[in-house]
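> I would like the atomic coordinates for the input below:
(one chain, ligands or ions: 1)
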Amino acid sequence: MSYNFLNQVAVVTGGLSGIGLATTIKLLQNGAKVIVGDITAENKVGAILDSIKKASGSKDVKFIRTDVTNYKANQELVSYAVDQYKDLNLVFANAGIVTPNEGAEIPYEEWEKVINTNLTGVFSLNKEAINYWLKNNKKGNIVNTGSILSFVGNPGLAHYCASKGGVKLLTQTLAIEYAKKGIRINSVNPAYIDTPLLRVLPKDVYDALAAKHPIGRLGTSEEVANVVAFLLSDQATYVNGTSVLVDGAYTAQ
Ligand code: NDP
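Residues are numbered from 1 along each chain as shown. As a prediction, the model looks like this:
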């Protein structure tokens with residue numbers, strides 16, 4: 001399905017890899033101008049941006065180095081979009097990390113890093129974008145990346161589950177608060193998706209994970225990007241404050 005994002009300005013965090021990368025390409029293919037905020041090493045950025053332009057057939061993509069754990073970086077991300085493309089319409093707050101560790105063994109620094117990246121980073125970008133729209137009397141549209149682990153716990157991922165559960169209720173609460181201002185906020189909640197985040201797993205663990213999905217495989221980044229694009233589009237004007245599972249029936253079991 002194609003969408004009309006012509007002249008829409010989008011910000012995507014974590015947009016140089018996996019789900020964020022696929023979504024950046026999808027938005028560009030459908031006419032958006034995209035600012036990517038990502039922490040990826042400087043020496044890799046040029047080649048990834050070239051591949052994005054090639055895959056999307058669009059040159060309307062710019063990069064600003066962003067660490068989402070720093071609220072000032074989220075402010076700069078919004079300012080940069082407005083400076084470069086004169087507006088901001090769409091936000092995909094997607095950057096996230098996972099560092100498996102059993103609850104009582106999680107060092108406080110690791111807890112803070114996961115929460116600050118996956119939850120506080122999402123809050124900061126939502127806050128900055130919403131304030132831009134409110135100040136300028138504009139409408140806007142946000143998708144935050146949750147997970148199937150926004151709904152249930154998972155051994156070895158207490159900090160990750162806490163962060164993603166937080167994203168779900170943050171999304172719901174902000175959606176209620178700003179619905180009357182014409183701002184929609186939803187979350188996308190993938191099961192296990194074949195991205196660099198998971199490709200580090202040993203083959204037997206990866207295969208066992210795939211087998212746990214009724215569909216018999218992991219999802220692709222493009223399958224998540226399709227749903228994000230729908231949520232960000234005008235096809236979804238009555239979809240607000242909801243958490244959309246993209247999970248090959250994983251949580252239906
Ligand atoms: P990837 O690791 O492929 O992509 C994440 C991107 O975010 C990378 O480019 C990474 O940079 C960047 N990033 C990491 N930390 C920061 C930061 N502090 N500031 C800015 N950018 C940062 O992951 P996925 O595409 O798999 O994951 C995207 C989102 O989807 C995450 O929120 C994840 O939790 C969620 N998710 C993923 C699932 C999966 O199975 N893959 C399942 C459910 C949810 P670098 O590579 O340099 O670290």
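
> tally of neighbours for G37?
The tally of other residues near G37 (other CB atoms under 10 Å) stands at 29. Backbone N, C-alpha and C define where each C-beta goes, glycine included.

> is it in a helix, a strand, or coil?
G37 falls in the strand class when you classify it by DSSP: H, G, I helix; E, B strand; the rest coil.

> repeat that for N144.
N144 ends up strand, using three-state DSSP.

> hey, what's it bridged with?
Counting by DSSP bridges, N144 forms beta bridges with A93, S187.

> which residues does it contact?
A93, N94, V122, N126, V167, L170, T171, I185, N186, S187, V188 (CB atoms under 8 Å, 6 or more residues apart in numbering).

> redo that, cut-off 10 Å
By CB atoms under 10 Å, 6 or more residues apart in numbering, N144 lies in contact with 13, 91-94, 96, 118-119, 121-123, 125-126, 150, 164, 167-168, 170-171, 174, 185-189, 243.

> same check, this time on E42
For E42, the contacting residues are F63, R65, by CB under 10 Å, 6+ apart.

> please apply the same query to A229.
1-3, 5, 22-23, 26-27, 29-30, 32, 90, 92, 143, 235-236.

> next: L197.
L197 sits in contact with G14, S17, G18, I19, G96, I97, V98, where contact means CB under 10 Å, 6+ apart.

> what about the second one, neighbour count?
In this case it means S17. By the criterion of other CB under 10 Å, S17 has 19 neighbours.

> ok, now the last one?
For V98, the number of neighbouring residues by other CB under 10 Å comes to 19.

> isn't it up against T145?
No. With contact defined as CB atoms under 10 Å, V98 does not reach T145; the gap is 11.9 Å.

> pull up the overlap in contacts between these two.
Joint contacts of V98 and T145 (CB under 10 Å, 6+ apart) are N118, K164.

> count of residues packed around E102?
10.

> need the contact list for it.
P155, G156, L157, A158.

> by neighbours, which of those wins?
Neighbour tally across these (other CB under 10 Å): the maximum, 21 neighbours, falls on L157.

> can you tell me how far that one sits from I97?
11 Å (CB to CB, to the nearest Å).

> what sits in contact with each of the two?
What both L157 and I97 touch, as defined by CB under 10 Å, 6+ apart, is the set V114, S163.

> hey, where'd the helices end up in the stretch 1-150 of the chain?
Remark: helices assigned in the stretch 1-150 of the chain by DSSP state H, counting those that start in this stretch are 18-29, 42-56, 71-85, 108-115, 121-135.

> how far does the last one sit from the chain's center?
The gap between where helix 121-135 is centred and where its chain is centred comes out at 15 Å by CA atoms, centre = their mean, to the nearest Å.

> which positions in it come out as buried?
G121, V122, F123, S124, L125, N126, E128, A129, I130, Y132, W133 (16 or more other CB atoms under 10 Å).

> which ones among the contacts of N144 also lie next to the ligand?
The subset of those within reach of the ligand, by CB under 6 Å from any ligand atom, is T13, N94, G96, N118.

> closest to N137 out of these?
T13 (25.1 Å; CB to CB).

> alongside the ligand, which residues does this structure contribute?
Applying CB under 6 Å from any ligand atom, one finds that the chain approaches the ligand through 13-14, 16-20, 38-40, 66-69, 94-98, 117-118, 145, 147, 190, 192-193, 195-198.

> just give the nearest non-adjacent residue to K59, would you?
K53 (5.5 Å; CB to CB, 6 or more residues apart in numbering).

> isn't that neighbour right up against Q29?
No. Under the criterion of CB under 10 Å, K53 is not in contact with Q29, lying 11.3 Å apart.

> and the contacts of L197 as CSV, adding pLDDT?
Output for the contacts of L197, formatted as CSV (pLDDT from 0 to 100):
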residue, pLDDT
G14, 98
S17, 98
G18, 98
I19, 98
G96, 97
I97, 96
V98, 94
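
> just the closest of these to Y80, please.
Nearest to Y80, judged by CB to CB, of these is G14 at 16.0 Å.
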